[in-house]
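Participant: could you look at this predicted model? Sequence included:
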Amino acid sequence: RSQRRSPAAAAPAQVPALEAYDAAGRAYESGDYAEAVRRYGVALAAAPPGWNLASKALGNRGAALTMLGRHDDALRDCDAAVDLEPSLAKVHNRSARLRLALGRSGEARRSFDRARAAATTDANAARARGDAPAAE
């Protein structure tokens, strides 16, 4: 599922960040993780203060860094992403797996708990909006 936004529909200050974000996503999808890391960095550097995609760019760069085996760097990005947007269950889960890979099982358990809480909160919000399918 693509998280991309149309640069043409964006505020002018966001266009360079969105273009780099889109290029990073294409690089990741093609398996060029080093280029994805670079492009997400460009997006973050070009982003205006309070950019609404900063947390996702950090989380996605964390995913690319993970693919490159750079677990410490990936964990820093994932932690920064959830600091900006605590509801990112997928990123909490990634940070938990990274903590396990780094031998930090106690920290990983807490991250898994935060992932579960974020997923539950997200599911409840979706049900409240009417976006979630009814339980069977």
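Facilitator: Alright, I've got the coordinates. Numbers count the residues shown, from 1 in each chain.

Participant: let me see the contact set for the residue nearest the centre of the chain.
Facilitator: Geometric centre of the chain, nearest residue: Gly59, 2.4 Å, by C-alpha atoms, centre = their mean. By C-beta atoms under 8 Å, 6 or more residues apart in numbering, the contact list for Gly59 reads Asp77, Cys78, Ala81, Val82, Leu88, Lys90, Val91, Arg94. Bear in mind the C-beta positions are built from the backbone N, C-alpha and C, glycine included.

Participant: and the helix or strand encompassing the last one, which residues are buried?
Facilitator: When you say that, I think you mean Arg94. Arg94 is part of helix 89-101, with elements assigned from DSSP states H and E. Residues of helix 89-101 classed as buried by neighbour count (16 or more other C-beta atoms under 10 Å): Ala89, Lys90, Val91, His92, Asn93, Arg94, Ser95, Ala96, Arg97, Leu98, Arg99, Leu100.

Participant: returning to what we had before: now the residue nearest to the centre of the chain: how far from Arg116?
Facilitator: For Gly59, the distance to Arg116 (C-beta to C-beta, to the nearest Å) stands at 17 Å.

Participant: what helix or strand is the residue nearest to the centre of the chain on?
Facilitator: Using DSSP H and E, Gly59 falls in helix 54-67.

Participant: show the subsequent helix or strand relative to that helix.
Facilitator: helix 71-84.
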